[in-house]
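[1] Okay, here's the prediction I keep looking at, along with the sequence it came from:
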Amino acid sequence: MDTLLELKSINAAYDDKLVLKDVDLKINRNDFVGIIGPNGGGKTTLLKVILGILKPISGEININGTSIGYLPQINKIDSKFPISVRDVVLSGLMGVKKLFGRYSPENRKSANKLMEQMGILHLKNKNIGELSGGQLQRVFLCRAIISDPQLLILDEPDTYVDSNFEGELYEILDQLNDHMAIVVVSHDVGTICSHVKTIACVNQTLCYHDSNIISQEQLAAYNCPIDLITHGEVPHRVLKHHH
Amino acid sequence: MNSILELFQYQFFNNAVFAAIMASITCGIIGSYVVARRIVFISGGITHASFGGIGIAWYMGLNPILGAALFGVLSALGIEWISKKTDVRQDSVIGILWALGMALGIIFIYMTPGYAPNLMSFLFGNILTVGSLDLYLLLGLSVLTIVIFALFLKPILYVAFDEEFAKTQRIPVQFISYLMIALVALAIVLNIRVVGIILVISFLTIPQTIANMFTKDFKKMILGAIGFGLLGSFIGLLVSYKINAPSGATIIFSFVLLFVIAKLVQLALIALRRREGIKEVK
């Protein structure tokens, strides 16, 4: 199986606070990994390490030139910034275009096509400040996938999304998964587990589950919010057989 | 009207007009970046820190603007570096640099034996006394700024908008950030002669804010800011000549007047549109 990305014994910290401890993770072609875990457990930090935004203090990252599409948490975006929807979508091509690149008619056409699929074509000349949260989320999804990356990473894509689009979003992700690996961080365990193929629980350390079945039934049985999933020395309140 | 044309017979007035044009271009472009990226406070810090450079250069008998340029660029790079590499709260660091620059400037100017320069001219600027070196520097900066923005507008815009995403696309984010903050510092320092330390921040923000009322497009915002910058600085220049007040103050005052007028126009436009019926947002 083609490996797109491999993390080996990663330790990551902010100042003297260790956030990730001895984390191993391998992402292969066609993987669909859901990352869950408590707040402050290191989910976003793990993404930052994968994306190359945060340098780990030790460990090895093999990325083999894999192209990455990224959808950040949209509450971190300055929605008053003077930029149009179309420019945001096209900015997803900057890795391909490099510094001097100009957009070709094909680029613009594929941007239009993508925006049409997402139902936001009529908004393309709008400033991002005029959009609703759900519309903004679609814009950033377009930006993440316009370059047709090998690996798509989504940080909490279901926040701010209307329930209408949430179902649609996972349908889109299922389709995309045919030709790209997907890593998605989410709080919404119920929804995420029915779509992903495998699950990684992050709470300083990482536990990888080779299927998406474990939590589905058990979470339903215990009816617990995700924040209660714990690992290691802390009692396992949510998952019974969890090592 | 004739009396205005007669003014152009004077070299100092031609210089002032040229300086106003260059200031409008450099501040129009750089200021749009400053406003869009919300680094107005950083720019204020750089402005005041550069006063330290003025004082030290004066003490050493060098050109004060060159001293300010060196000091301004170094403190700009320092602020950028500190906020990236360490956990120190950025606004606190800016506050410290802000005060340190002013303190150093005053200490060194007062330590300089002999004639003490008019502090007021640095604090409030005077477009009617700009010399040819200032003009060449401003011209050089205008050309540099236009070239950089013409070539790299998109990467600059994208890095300013979402730095983390730009990093994932393997754009040289660090290089662009440092380049831009150095350009901001240069624009500030070279325009100190025109509008002064205390007022230069308004040249970087008021025309841009006016333009931003009527367009949300970054490119149009730049052009609008240059336009409003020109209009305001010409009105201010004439008023300064007529009432014999420092040009920096009159220019900024006309900016604020333009701002108020623009705000009223904007409100009137909204009211007009509302009368035609509430637009569907979809």
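    Sure, I can see it. Residues are numbered from 1 along each chain as shown, chains lettered A, B, ... in the order given.
[2] Count the residues that sit near residue 171.
    By default, I'm working from chain A. Each residue near residue A:171 was counted by other CB atoms under 10 Å in any protein chain shown, and the total is 11. From N, CA and C alone the C-beta is placed, and that goes for glycine too.
[3] nope, chain B please
    Residues within reach of residue B:171, counting by other CB under 10 Å, total 22.
[4] Quick check: residues of chain A near chain B?
    Proximity of chain A to chain B is confined to A:14-15, A:51-53, A:68, A:70, A:72, A:76-78, A:81-84, A:87-88, A:91-92, A:94-95, A:97-101, A:122, A:127, A:129-130, A:143 under the rule CB under 8 Å from any CB of the partner chain.
[5] average pLDDT across stretch B:126-134?
    Over the span of stretch B:126-134, the pLDDT mean works out to 84.
[6] Kindly check the end-to-end length of it for me.
    12 Å (CA to CA, to the nearest Å).
[7] in it, what counts as buried?
    Residues of stretch B:126-134 classed as buried under the neighbour-count rule (16 or more other CB atoms under 10 Å in any protein chain shown) are B:126-130, B:134.
[8] Buried members of the residues of chain A next to chain B into PyMOL, please.
    One line in PyMOL is enough to select the buried members of the residues of chain A next to chain B, burial here meaning 16+ other CB under 10 Å:
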select buried, chain A and resi 51+53+68+70+72+77+81+82+83+84+87+88+91+92+94+95+97+127+143
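[9] In contact with residue B:199, which residues are there?
    When contacts are counted by CB atoms under 8 Å, 6 or more residues apart in numbering or on different chains, residue B:199 touches B:124-125, B:248-249, B:251-252.
[10] again, only using 10 Å
    Residue B:199 makes contact with B:47, B:123-125, B:191-192, B:246-249, B:251-253, B:255 under the criterion CB atoms under 10 Å, 6 or more residues apart in numbering or on different chains.
[11] mind listing the strands for chain A?
    A:3-14, A:17-28, A:32-36, A:58-62, A:68-71, A:151-155, A:181-185, A:198-203, A:205-209 (DSSP state E).
[12] And the residue nearest the centre of chain B?
    Here the mean C-alpha position of chain B is nearest to the C-alpha of residue B:204 (CA atoms, centre = their mean), at a distance of 3.8 Å.
[13] measure it to residue B:240 for me?
    From residue B:204 over to residue B:240 the distance is 20 Å, taken as CB to CB, to the nearest Å.
[14] Distance-wise, check the residue of chain A most remote from its centre relative to chain B.
    Largest separation from the mean C-alpha position in chain A: residue A:105, at 29.3 Å (CA atoms, centre = their mean). With distances defined as CB to the nearest CB, to the nearest Å, the gap from residue A:105 to chain B amounts to 16 Å.
[15] which residue is nearest the middle of chain A?
    The centroid of chain A falls nearest to residue A:154 when counting by CA atoms, centre = their mean (1.7 Å).
[16] where do the helices sit along chain B?
    Listed in chain order, the helices of chain B (DSSP state H) span residues B:2-7, B:11-37, B:40-59, B:64-85, B:90-111, B:119-124, B:132-161, B:163-168, B:173-195, B:200-214, B:218-243, B:247-275.
[17] now the angle between helix B:11-37 and the third one, please.
    Helix B:40-59 and helix B:11-37 are oriented at 140 degrees to each other (axes from the mean of the first three to the mean of the last three CA atoms, to 10 degrees).
[18] what pLDDT, on average, does helix B:40-59 get?
    Rounded to a whole number, the mean pLDDT of helix B:40-59 is 93.
[19] Do any residues in that helix lie close to chain A?
    No - interface with chain A: helix B:40-59 contributes nothing (CB under 10 Å from any CB of the partner chain), its closest point being 13.4 Å away.
[20] For that helix, C-alpha coordinates in CSV please.
    Backbone C-alpha positions of helix B:40-59 (Å, rounded to 0.1, in the frame of the first residue of the first chain) are rendered in CSV as follows:
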residue,chain,number,x,y,z
VAL,B,40,-2.0,49.2,12.7
PHE,B,41,-0.7,49.0,16.3
ILE,B,42,2.5,47.3,15.0
SER,B,43,2.9,50.2,12.6
GLY,B,44,2.5,52.7,15.4
GLY,B,45,5.2,50.9,17.4
ILE,B,46,7.6,51.0,14.4
THR,B,47,6.9,54.7,13.9
HIS,B,48,7.8,55.7,17.4
ALA,B,49,10.7,53.2,17.7
SER,B,50,12.3,54.9,14.7
PHE,B,51,12.6,58.1,16.6
GLY,B,52,15.4,56.5,18.6
GLY,B,53,17.2,56.1,15.2
ILE,B,54,16.7,59.8,14.5
GLY,B,55,18.2,60.8,17.8
ILE,B,56,21.2,58.5,17.6
ALA,B,57,21.9,59.6,14.0
TRP,B,58,21.6,63.2,15.0
TYR,B,59,24.1,62.7,17.8
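[21] for that helix, the distance to its chain's centre please.
    Shown here is helix B:40-59, whose average C-alpha point lies 13 Å from the average C-alpha point of the whole chain (CA atoms, centre = their mean, to the nearest Å).
[22] Give me the pLDDT value at the closest residue to residue B:36 other than its chain neighbours.
    In space, residue B:36 comes closest to residue A:82 once its chain neighbours are excluded; the distance is 5.4 Å by CB to CB, 6 or more residues apart in numbering or on different chains. Here the pLDDT value assigned to residue A:82 is 92.
[23] can you check residue B:270 too?
    Value listed for residue B:270 in the pLDDT field: 89.
[24] Ok, residue B:1 next?
    For residue B:1, the pLDDT comes out at 58.
[25] got it, and the one 4 residues further on?
    pLDDT, the model's per-residue confidence, is 77 for residue B:5.
[26] returning to what we had before: and the helices of chain B, which one is worst for confidence?
    In terms of average pLDDT, helix B:2-7 trails the rest of the helices of chain B, at a mean of 74.
[27] Contacts for it next, please.
    Helix B:2-7 has contacts (CB under 10 Å, 6+ apart) with B:13-14, B:16-17, B:234, B:237-238, B:241-242.
[28] Between the residues you listed, which sits nearest residue B:53?
    residue B:16 (24.3 Å; CB to CB).
[29] Any idea how many residues pack against that closest one?
    Burial of residue B:16 is recorded as 25 neighbouring residues (other CB under 10 Å).
[30] Near chain A, which residues of the stretch 51-200 of chain B? Just list them.
    Looking at chain A, the residues of the stretch 51-200 of chain B close enough under CB under 10 Å from any CB are B:86-87, B:151-152, B:154-173, B:175-176.
[31] In ChimeraX, how would I select the buried members of these?
    Here is the ChimeraX command that selects the buried residues among these (16+ other CB under 10 Å):
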select /B:152,154,155,156,157,158,159,160,161,162,163,164,165,166,167,168,169,171,173,176
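[32] Poorly predicted segments of chain A, please.
    By pLDDT under 70, the low-scoring segments of chain A are A:1, A:97-101, A:160, A:211-243.
[33] which residue ranges form the helices in it?
    Listed in chain order (using DSSP H), the helices of chain A are A:43-51, A:85-90, A:94-97, A:105-117, A:133-145, A:163-176, A:189-193, A:213-222.
[34] could those go into JSON lines alongside distance to residue B:104?
    Rendered in JSON lines, the data for these read as follows (distance: least, CB to CB, whole Å):
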{"stretch": "helix A:43-51", "distance to residue B:104": "39"}
{"stretch": "helix A:85-90", "distance to residue B:104": "42"}
{"stretch": "helix A:94-97", "distance to residue B:104": "41"}
{"stretch": "helix A:105-117", "distance to residue B:104": "50"}
{"stretch": "helix A:133-145", "distance to residue B:104": "45"}
{"stretch": "helix A:163-176", "distance to residue B:104": "56"}
{"stretch": "helix A:189-193", "distance to residue B:104": "56"}
{"stretch": "helix A:213-222", "distance to residue B:104": "61"}
